[in-house]
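Peer 1: Show me the folded form of this:
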Amino acid sequence: MGANVCEWVDSGSGGFKVTAGHSWWYGKEPMHRTHRALKPSKTAVSYIGFRCAKNI
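Peer 2: Residues are numbered from 1 along each chain as shown. Below is the predicted model:
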């Protein structure tokens, strides 16, 4: 699922939220699950989302 979407991972502070990984939008360089970025908390774009997961 890498490079599908950036994931919201933290509420951040000061009007920003933290995303993990990256999406197809940014090219191959930042596509790693450990990559973090700050985005304005009201950002709504097609390349930031969440993943549904289940612990087995």
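Peer 1: if I pick the closest residue to residue 10 other than its chain neighbours, what's in contact with it?
Peer 2: Nearest non-adjacent residue to residue 10, counting by C-beta to C-beta, 6 or more residues apart in numbering: residue 18, 3.8 Å away. C-beta: built from backbone N, CA, C; applies to glycine. For residue 18, the contact set (C-beta atoms under 8 Å, 6 or more residues apart in numbering) comprises 8, 9, 10, 11, 12, 36, 37, 38, 39.
Peer 1: Beta-bridge partners for residue 18, please?
Peer 2: Legend: beta-bridge partners of residue 18 under DSSP bridges are residue 10, residue 38.
Peer 1: if we can go back for a sec, in TSV, list the contacts of residue 18 along with pLDDT and distance to residue 54.
Peer 2: Shown next, in TSV, are the contacts of residue 18 (pLDDT from 0 to 100; distance: C-beta to C-beta, whole Å):
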residue	pLDDT	distance to residue 54
8	80	18
9	81	18
10	77	21
11	77	23
12	76	26
36	83	24
37	83	26
38	86	29
39	86	26
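Peer 1: Out of these, flag the one nearest to residue 22.
Peer 2: residue 37 (7.5 Å; C-beta to C-beta).
Peer 1: Quick check: the closest one touching residue 6?
Peer 2: Yes: taking C-beta atoms under 8 Å as the definition, residue 37 is a contact partner of residue 6 at 7.1 Å.
Peer 1: Between these two, which is the more surrounded one?
Peer 2: residue 6 (25 against 15; other C-beta atoms under 10 Å).
Peer 1: Excluding chain neighbours, what is closest to the more buried one?
Peer 2: That would be residue 19: by C-beta to C-beta, 6+ apart, it lies 4.1 Å from residue 6.
Peer 1: so who does that neighbour touch?
Peer 2: Counted by C-beta under 8 Å, 6+ apart, residue 19 has contacts 6, 7, 8, 9, 36, 37, 38, 39, 48.
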